[in-house]
Each structure stands twice: as C-alpha cells, then as structure tokens.
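Trainee: Just the structure for this:
(one chain, ligands or ions: 3)
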Amino acid sequence: MDGGEMRLPSFTLHRLPTLADHLGGGDRPAAAIPNPIARHPLYHPSPSFFISDNDVAFDPSGVRAAIVTCGGLCPGTNTVVRELVVGLWELYGVRAVFGVRNGYHGFYSEGEEPLPLEPATVRHWHKAGGTALGASRGGFDLARIVDGIERRGFNQVYAVGGDGTMRGLVEILREARRRGLAVAVAGVPKTVDNDVGVIDRSFGFHTAVDEAQRAIAAAHVEAESAANGVGLVKLMGRSAGHIALHATLSSRDVDCCLIPEEDLYLRGPGGLFEFLYRRLKRNGHVVVVVAEGAGQRLIPRPTCGEQRRDESGNPAFLDVGAWLKAELRAWWAEEHAGEPLTVKYIDPTYMIRAPVLHAAGALGDPRRHGRVPGFVPGPINGNYGYIPVDEVAEARNPVDTRDHKWAWVRSVTNQPDFAQSTEDKALAGLYKAV
Ligand SMILES: Nc1ncnc2c1ncn2[C@@H]1O[C@H](COP(=O)(O)OP(=O)(O)O)[C@@H](O)[C@H]1O
Ligand SMILES: O=P(O)(O)OC[C@H]1O[C@](O)(COP(=O)(O)O)[C@@H](O)[C@@H]1O
Ligand SMILES: [Mg+2]
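Mentor: Ligands and ions are numbered 1, 2, ... in the order given. The predicted structure follows:
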C-alpha cells in the first residue's frame, strides 16, 4: 500500500489473431458465418458469455474436423471427444468430423483410416474409461502429419493431450501456416497429474485423486493391522506432485507426503526414516504417499549412462516406491534390528487413470467455441478463458511449496522438511571424499 493506493502487478494485453484474421477477408470472411450459437434456439449464452456478436465461425459446409487423443490416459477423455462431436454437429452444423486413430501417428500411418464420427457413434463413449480413439506416445513426424492433414482436407484439428501434445500442436500450426493451409488447431488440456501450466487443472484430475483414496485406505488398513506397519503408496506425478498433495489432503490418514518439488533426505537426523520411526513409536503405524518423480536424483541408476526416456522424450523414472521400501528395510535392519517392521507397498499407477470421469471432474463448456486459430480453453482462477496454444505448451505447473496448499499438507501431516543439516551435509561430503 502506498498512500492508500494498492499497486497491482503489471500486465500486458496482447492482441491475438482472431478466426476472422485466420480465414482472411476482413470481418466477414467468405469461409465464415456469424457464430450460429448466438442465435441457437436451444442454447442460451448468458450475458457474460465468451461469444460476442462480432464473432464468426467456420462455414460448416466447408469444415472437415479431426479429433486426436495423445499421450497417457486420463479419466474423461472419451467424454471430451463425445462433447466435441456433439457440439460440432448440433451447435455448429458440421457434418464431417473424424477421429484420428492412436494419437499423432494416426495422421499418417497406413491402415488406420480416421473414423467418421457423428453423435450416434459417440453416444455411449462417456461410459468408458481410456480413449476409444486410441492414443500413443512418440510418432511425432511433423511433415507426415501435416501431409496427412492436407491430403484429407482437415481444416480444424482438435488435439486432446498434455504438454507434449500442445508442443506438437504448435509445430503443426506453424507448418500448416508455412504451407499456406487454413488449418485452425485447438488443444484440450488433458493432464491427469496436472503438470500443464496456465490452467487451474484439467478434467480427470479430481477423478484420479478420488481413485487414489482407495489405495491409501488399503495402505492404512494394512499398516494398522501390523506391528510397526508402514503403508506406502506411489501416485502419478512425474514432475509435479499435485495428485499426491490432493490425495493426502483428502485422505487425512497420510503421515507423510513426498513430492518431486521437495528435497528428500532419508537417513540421519532430520531425515525421513527418523521421522517415520518416531511416528511408528507414537501411533504403531504410518502411511506414506510418494509421487513418482520424488527422490529421483537419489535413486542409484543401474548404469551411469543417459537418463532413459519414453517414446515422447519424457524421462522414464525408476520406481521410487520399491526403492524407498528397500532403503527403509535396510536402515531398519541396521538401526532397529530385532524390532518388527512390515512394509506394504501399493502402486495404483494405472488404476487411478482408468475410471470414467467422476462428477467432481466435470467439464467446463467452452472447449469448442474458440475465437483464435490456435487456442486452448481452460479454467484460469475459476474462469474459463482461451489461451494461445504456444503459451500453454511452454508453461509448467509444479507444486508451489510456498503456497497455502503445501502449508496445509504440512499442517495435516505434521511432517517436517526432510532437510539435511549443514553439518551433516559437510560430514556426508567428507565421507564421500574418503
Ligand atoms: N516437443 C515436442 N514436439 C512435438 N511433438 C511432441 C513434443 N513432445 C511430445 N510430442 C508428441 O506429443 C504426443 C504426446 O506427448 P506425451 O509427452 O506422450 O503426452 P502428453 O501430451 O500427455 O504430455 C506424442 O505423440 C509426442 O511424440
Ligand atoms: O506408462 P505411461 O503411459 O508412460 O504413463 C505414465 C505417465 O503418465 C502420466 O500419468 C501422465 O503423463 P502425460 O501427461 O505425459 O500423459 C505421468 O504422470 C506418468 O509418468
Ligand atoms: Mg506430459
């Protein structure tokens, strides 16, 4: 506050290319019509709706839309595809909608012709987990993908995927422009572990958090039923610990939550194992939730070669849960031999992303009403907005360990920072040097 005035953070307004710019021909391009949903008999946008009178839409008679799902699975993907098909068909009058098979690969692979989609085709898709179109990692061959788009005359591409998919979409848009193709792209953010930036979260995230409760509850039952019982649950979160964090907050049975954004320190004063031992002495059992990306720097690698990667270039992590379990047992044998210890490790990785969308993961509406040619719709601080796809492709979303949510985890679990004291660090350095 300065003299009673509040200084707001500065921001910059950018003018984004609109669909009218993209289609050419001024405010009313030949390939465009006034946005039909503004006058749709059954659809009543509220006054604050994101469609204005000046908006245009593609003339549906010229639209050939392609929908592709990429990357890992996420609850609700089929629901999104269904919504896109029904919306394009019913609200915009588009009749040529195609589902590209098995991710980006399907734009060019032989024998995987895109599937014509209409409301009747997708009627029951929301009742199944996974993706009916198929998805894949890797296979991003830009020239062949855009060849496929050009050959089939697609002029709208909807890609449902995470950060990798968005980066691919940016390249597709750039290459289509370079070739003079009037292709508009839209990315629907699908990130079960919530690692995509700018948006608050994606569909499916809450479902995964819900589903994780079953694993935590089982770990708790196992831990409580043994003398010095440790229930250990590994949850998804390659570079962001949001699922572990939210699952911990929802459960209240968790004694300790480990995420990639926080340093991990196992042995010695102030370390994880000392904390677990104290908790075991007090309560007789502990439950630990660990995100898959936590502690990766500490886990010995079989070879000192390069980090292994999956087909998309994402780091392929070592199993932090199995490693923690082995380390805890080894430490226990050294420090507390003769005292019982039971460690039950549960890895529900694929189970939490397999279900259909739960109610809490419900989808917002605007994903098909884009106004710019390369956009991502998503919730930002609770409001839906359109974000340029290149911004989403680059943004990351780590857990901010200085914000209230992490503080809340700390107050629920009463876990300390597992930080090594400066003295211990120096000692460890000495030992290493010997
Ligand atoms: N930097 C990139 N440029 C172009 N395509 C990419 C890039 N990163 C990933 N992709 C492609 O996007 C698709 C999905 O990526 P992936 O990382 O597996 O999942 P997600 O989109 O869920 O993050 C894959 O086909 C992958 O090859
Ligand atoms: O075995 P897969 O298919 O690579 O899936 C595991 C990965 O999928 C995820 O759940 C989501 O990854 P994406 O966002 O890249 O699809 C990661 O948290 C996890 O590492
Ligand atoms: Mg990703």
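Trainee: Ligand 3 contacts on the protein?
Mentor: Within the chain, the positions near ligand 3 by Cβ under 5 Å from the ion are 162, 163, 164. (C-beta placed from N, C-alpha, C; glycine too.)
Trainee: same thing but 8 Å
Mentor: Selection of the chain residues close to ligand 3 by Cβ under 8 Å from the ion yields 71-72, 161-165, 191, 193, 195-196, 238, 312, 314.
Trainee: Return only those of those found close to ligand 1.
Mentor: Within the set of these, contact with ligand 1 (Cβ under 6 Å from any ligand atom) is found for 71, 72, 161, 162, 163, 164, 165, 312, 314.
Trainee: that older thread, so which of the residues of the chain next to ligand 3 is the most crowded?
Mentor: Of the residues of the chain next to ligand 3, residue 165 is surrounded by the most neighbours, 30 neighbours in total, counting by other Cβ atoms under 10 Å.
Trainee: what about the stretch 101-250 of the chain, any weak spots by pLDDT?
Mentor: For the stretch 101-250 of the chain, no stretch has pLDDT under 70.
Trainee: That one: strands as residue ranges?
Mentor: For the stretch 101-250 of the chain, strands defined by DSSP state E, counting those that start in this stretch occupy the ranges 115-116, 156-161, 184-189, 229-235.
Trainee: before we move on, back to that, list the ones among the ones next to ligand 1 among the residues of the chain next to ligand 3 that fall in helices.
Mentor: 163, 164, 165 (DSSP state H).
Trainee: wait, which of those is closest to ligand 2?
Mentor: Using Cβ to the nearest ligand atom, residue 164 comes nearest to ligand 2 of these, at 5.7 Å.
Trainee: Quick check, the residue in the stretch 251-400 of the chain closest to ligand 1?
Mentor: The nearest approach of the stretch 251-400 of the chain to ligand 1 comes at residue 312, 3.2 Å away (Cβ to the nearest ligand atom).
Trainee: thinking that residue is in contact with residue 137, fair?
Mentor: Yes. A contact is recorded between residue 312 and residue 137 when judged using Cβ atoms under 8 Å, the distance being 4.1 Å.
Trainee: any residues in contact with both of those two?
Mentor: 71, 164 (Cβ atoms under 8 Å, 6 or more residues apart in numbering).
Trainee: Return the distance of stretch 327-344 from the chain's centre.
Mentor: With Cα atoms, centre = their mean, to the nearest Å as the basis, stretch 327-344 stands 36 Å off its chain's centre.
Trainee: buried ones in that stretch?
Mentor: Of the residues in stretch 327-344, 327, 328, 331, 332, 341, 343, 344 count as buried by neighbour count, 16 or more other Cβ atoms under 10 Å.
Trainee: For the first one, what is the enclosing helix or strand?
Mentor: According to DSSP states H and E, residue 327 maps onto helix 320-335.
Trainee: Looking at that helix now, give me its mean pLDDT.
Mentor: For helix 320-335, the mean pLDDT works out to 98.
Trainee: got the contact list for it?
Mentor: Contact partners of helix 320-335, identified using Cβ under 8 Å, 6+ apart, comprise 230, 232-234, 258, 266-267, 273, 276-277, 288, 290-296, 299, 339, 341, 343, 345, 347.
Trainee: For the buried ones among the residues you listed, write the corresponding ChimeraX selection.
Mentor: Per 16+ other Cβ under 10 Å, the buried members of these correspond to this ChimeraX selection:
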select :230,232,233,234,258,266,267,273,276,277,288,290,291,292,293,294,295,296,299,341,343,345,347
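Trainee: Would you enumerate the residues in contact with the spatially most central residue of the chain?
Mentor: Residue closest to the average C-alpha location in the chain (Cα atoms, centre = their mean): residue 191, at 1.6 Å. Residue 191 sits next to 74, 162, 163, 201, 202, 204, 205 when contact means Cβ under 8 Å, 6+ apart.
Trainee: List phi and psi for the fifth one.
Mentor: Residue 202 adopts backbone torsions of phi -110, psi 160, taken as degrees, to the nearest 10.
Trainee: So it sits against residue 194, correct?
Mentor: Yes. The pair residue 202 / residue 194 is scored as a contact, 6.6 Å apart, by Cβ under 8 Å.
Trainee: Show me what the helix or strand residue 257 falls within pairs with in its sheet, parallel or antiparallel.
Mentor: Per DSSP H and E, residue 257 falls inside strand 256-258. When pairing is defined by DSSP bridges, strand 256-258 lines up against strand 285-291 (parallel).
Trainee: is the partner strand anywhere near ligand 2?
Mentor: No. Counting by Cβ under 6 Å from any ligand atom, no contacts exist between strand 285-291 and ligand 2, the nearest distance being 8.6 Å.
Trainee: tell me the average confidence for that strand?
Mentor: Mean pLDDT, computed over strand 285-291, is 98.
Trainee: show me what contacts the closest residue to ligand 2 within the stretch 201-350 of the chain?
Mentor: Nearest to ligand 2, among the residues of the stretch 201-350 of the chain, is residue 236, at 3.7 Å (Cβ to the nearest ligand atom). Contacts for residue 236 were tallied using Cβ under 8 Å, 6+ apart; they are 192, 193, 208, 243, 291, 292, 349, 352, 353.
Trainee: For the closest residue to it other than its chain neighbours, list the residues it contacts.
Mentor: In this structure, residue 236 finds its nearest non-sequential neighbour in residue 193, 4.8 Å apart by Cβ to Cβ, 6 or more residues apart in numbering. Residues counted as contacts of residue 193 (Cβ under 8 Å, 6+ apart) are 205, 208, 236, 237, 238, 240, 242, 243.
Trainee: likewise residue 103?
Mentor: Listed by Cβ under 8 Å, 6+ apart, the contact partners of residue 103 are 68, 69, 70, 71, 134, 135, 136, 137, 139.
Trainee: returning to what we had before: between the ones in helices among the ones next to ligand 1 among the residues of the chain next to ligand 3, which is closest to ligand 1?
Mentor: Taking Cβ to the nearest ligand atom as the measure, ligand 1 sits nearest to residue 164 out of those, at 2.5 Å.
Trainee: any idea how far the closest one lies from residue 105?
Mentor: In this view, residue 164 and residue 105 are 13 Å apart by Cβ to Cβ, to the nearest Å.
Trainee: so what's the closest residue to residue 147 other than its chain neighbours up against?
Mentor: In space, and not counting its chain neighbours, residue 147 is closest to residue 108: 6.5 Å by Cβ to Cβ, 6+ apart. Residue 108 makes contact with 141, 144, 145, 147, 148 under the criterion Cβ under 8 Å, 6+ apart.
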